[in-house]
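Peer 1: sequence? don't have it. structure:
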């Protein structure tokens, strides 16, 4: 039982490049989400999904796309990276929303030059 | 819309002293409240949660939090901290069938 797996752990991009952060969970969780963590800003919700085929925007969605074609996977796409997207990204999942506890991935540190 | 405010970005305390980390929330519906902890160079893990019932909830390592509906607060307390409690603490709020929102975090530093 691997939990929530994020790849890559580290990535350096140049401004304008695109990339995808991968997130996979093997717990049959319906709810999946992406957060970014910046000093003094806490965790800010980027996008979330309450089930396969359903996604919605969080607090800071601009510059990011997501899709949820399967229950297990929830990739986060940066279409044209900007220095403001330099951050640590966390994927998290739970059985459902509301009362359920989030299980976090180990994080992905992204630097955009 | 829901929101969470953590009033202190940093809290320095001496070892064995008591500590309180403050959290206030806003929501128009019934909420579930959580405290998560992030130890240095690690991911986030659940510390404790309030779902319903008793307004005082406890963790296995001596922290407790009290849900106060009238004050819309969920402050975290520990009567005597240890060096190992050094971490960043995040308050979070959700309601049924909705997203989970975190506060800006409070960095707890323990002085010997």
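Peer 2: Arrived safely, thanks for sending. Predicted model only: the values in this text are computed from it and were never measured.
Peer 1: in chain A, which ranges drop under the pLDDT threshold?
Peer 2: For chain A, residues meeting the criterion pLDDT under 70 lie at A:1.
Peer 1: what number of residues lie near residue A:83?
Peer 2: Neighbour count for residue A:83, taken as other C-beta atoms under 10 Å in any protein chain shown: 11. (Glycine included, C-beta is placed from N, CA and C.)
Peer 1: got a list of what it touches?
Peer 2: Contact partners of residue A:83, counting by C-beta atoms under 8 Å, 6 or more residues apart in numbering or on different chains, are A:15, A:112-113.
Peer 1: Looking at those, state which has the most neighbours.
Peer 2: Neighbour counts for the contacts of residue A:83 (other C-beta under 10 Å) peak at residue A:112, which has 19 neighbours.
Peer 1: surely that residue meets residue A:11?
Peer 2: No: Residue A:112 is beyond contact range of residue A:11, at 9.1 Å (criterion: C-beta atoms under 8 Å).
Peer 1: Number of residues surrounding residue A:23?
Peer 2: 25.
Peer 1: mind listing what residue B:14 touches?
Peer 2: Applying C-beta under 8 Å, 6+ apart, the residues contacting residue B:14 are B:110-112.
Peer 1: try residue A:99
Peer 2: B:32, B:49, B:51, B:94, B:96.
Peer 1: just the contacts of residue A:83 now: which is nearest residue B:65?
Peer 2: Residue B:65 lies nearest to residue A:112 out of those, by C-beta to C-beta, at 37.0 Å.
Peer 1: what sits opposite the closest one in the beta ladder?
Peer 2: Counting by DSSP bridges, residue A:112 is bridged to residue A:13.
Peer 1: Nearest to residue B:79 among the contacts of residue A:83?
Peer 2: Residue B:79 lies nearest to residue A:112 out of the contacts of residue A:83, by C-beta to C-beta, at 44.2 Å.
Peer 1: Close to chain B: what parts of chain A are there?
Peer 2: With C-beta under 8 Å from any C-beta of the partner chain as the criterion, chain A meets chain B at residues A:33, A:35, A:40-45, A:48, A:50, A:56, A:58-59, A:90, A:92, A:94, A:96-99, A:101-102, A:104-107.
Peer 1: can you rerun that using 10 Å?
Peer 2: With C-beta under 10 Å from any C-beta of the partner chain as the criterion, chain A meets chain B at residues A:3-4, A:6, A:31, A:33, A:35, A:37-45, A:47-50, A:56-59, A:88, A:90, A:92, A:94, A:96-107.
Peer 1: Give the next helix or strand downstream of the strand ranked longest in chain A.
Peer 2: Criterion DSSP state E: the longest strand present in chain A is strand A:42-51. Next in sequence after strand A:42-51, counting helices and strands by DSSP states H and E, comes strand A:54-57.
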